[in-house]
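Colleague: pasting the sequence and the predicted coordinates here, then a few questions.
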Amino acid sequence: MRGMMVINFKTYEEGTGRNALELAKIADSLAGGVEIILAVQPADIKTVAESVSIPVFSQHVDPVGYGKHTGWILPESVKQAGASGTLLNHSEKQMDFETLKKTVKRCKDVGLERIVCADSPENAGKIAELRPDYIAIEPPELIGGDVSVSKARPKVITECIERVKPFGIPVLCGAGIKNREDVRKAKELGAKGILVSSGVVKSKNPKESINDLLEGLR
């Protein structure tokens, strides 16, 4: 099974504007045997997508169409900018279920892949009914921490996988993932790949950090 790494640039200074482009190029140069997806801010999509060969996702979109929606993120706009998908329902940008349902459908209609975050196995099971392309399990209390979910809460991963198994949706593992051992443990538990952020974006040596994580996925 080919592994996957999703790097969420968030709104870190190290993942914004020119820094986003530099980091994206580093990740692009290291991709091989593992699919790397970059989740960047909407304003950075076009610049990054035109400079790398790996998929670029928007960090969020809204369930709107063309029209009077000032300040909202239109799915068509991110696709035209070069995004091939979007990250939805992250703990820092959670959506109520009805809004999420509408957004997932809008993205499907537009042709955007959808990675939807879940904060618990129970919610993952509910989200699976919406048929996203991937579900990323991330207990909020472990996000950005020093202990990975694969070590601290392994049952969260296995229970999530069990709940979404009937829908055939691959599960990604996030929250506190920092090194190859965290990744290997996640894969042993059944995850297809990982969703990372600060472990790469805030790293003093992003190239080294990405390579280390990739070793756990290969």
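Modeller: That came through fine.
Colleague: what's near enough to touch residue 187?
Modeller: Neighbour list for residue 187: 3, 193, 216, 217 [criterion: Cβ atoms under 8 Å, 6 or more residues apart in numbering]. C-betas here are computed from N, CA, C, even on glycine.
Colleague: try residue 72
Modeller: Here residue 72 is in contact with 62, 64 (Cβ under 8 Å, 6+ apart).
Colleague: could you list the residues in contact with stretch 95-108?
Modeller: Contacts of stretch 95-108 with the rest of the structure, by Cβ under 8 Å, 6+ apart, involve 61-65, 75, 85-86, 88-89, 113-114, 116, 126-127, 130-132.
Colleague: mark which of these are part of strands, please.
Modeller: Those of the contacts of stretch 95-108 mapping onto strands are 85, 86, 88, 113, 114, 116, per DSSP state E.
Colleague: just name the shakiest helix or strand of the chain by mean pLDDT.
Modeller: Lowest by mean pLDDT, DSSP states H and E among the helices and strands of the chain is helix 149-152, with a mean of 58.
Colleague: distance between the helix or strand following it and the chain's centre?
Modeller: Later in the chain than helix 149-152, the nearest helix or strand by DSSP states H and E is helix 154-164. Distance, stretch centre to chain centre, for helix 154-164: 18 Å (Cα atoms, centre = their mean, to the nearest Å).
Colleague: next, the buried residues of helix 154-164.
Modeller: Within helix 154-164, the residues that qualify as buried are 154, 156, 157, 159, 160, 161, 163, 164, counting by 16 or more other Cβ atoms under 10 Å.
Colleague: sheet partners, orientation included, of the next helix or strand after that helix?
Modeller: For helix 154-164, the following helix or strand on the C-terminal side (DSSP H and E) is strand 171-174. The strands beside strand 171-174 in its sheet (DSSP bridges) come out as strand 134-137 (parallel), strand 193-196 (parallel).
Colleague: any idea how far whichever helix or strand comes after strand 171-174 is from the chain center?
Modeller: Next along the chain after strand 171-174, taking DSSP H and E as the criterion, comes helix 180-188. Distance of helix 180-188 from its chain centroid, counting by Cα atoms, centre = their mean, is 17 Å.
Colleague: can I assume residue 21 sits in a helix?
Modeller: Yes: the assignment for residue 21 is a helix, going by DSSP: H, G, I helix; E, B strand; the rest coil.
Colleague: how many other residues sit next to it?
Modeller: 17 (other Cβ atoms under 10 Å).
Colleague: by neighbour count, which of the contacts of residue 187 wins?
Modeller: Within the contacts of residue 187, residue 193 tops the neighbour count with 28 neighbours, counted by other Cβ under 10 Å.
Colleague: I'd say it and residue 36 touch.
Modeller: No: under the criterion of Cβ atoms under 8 Å, residue 193 makes no contact with residue 36, lying 9.5 Å away.
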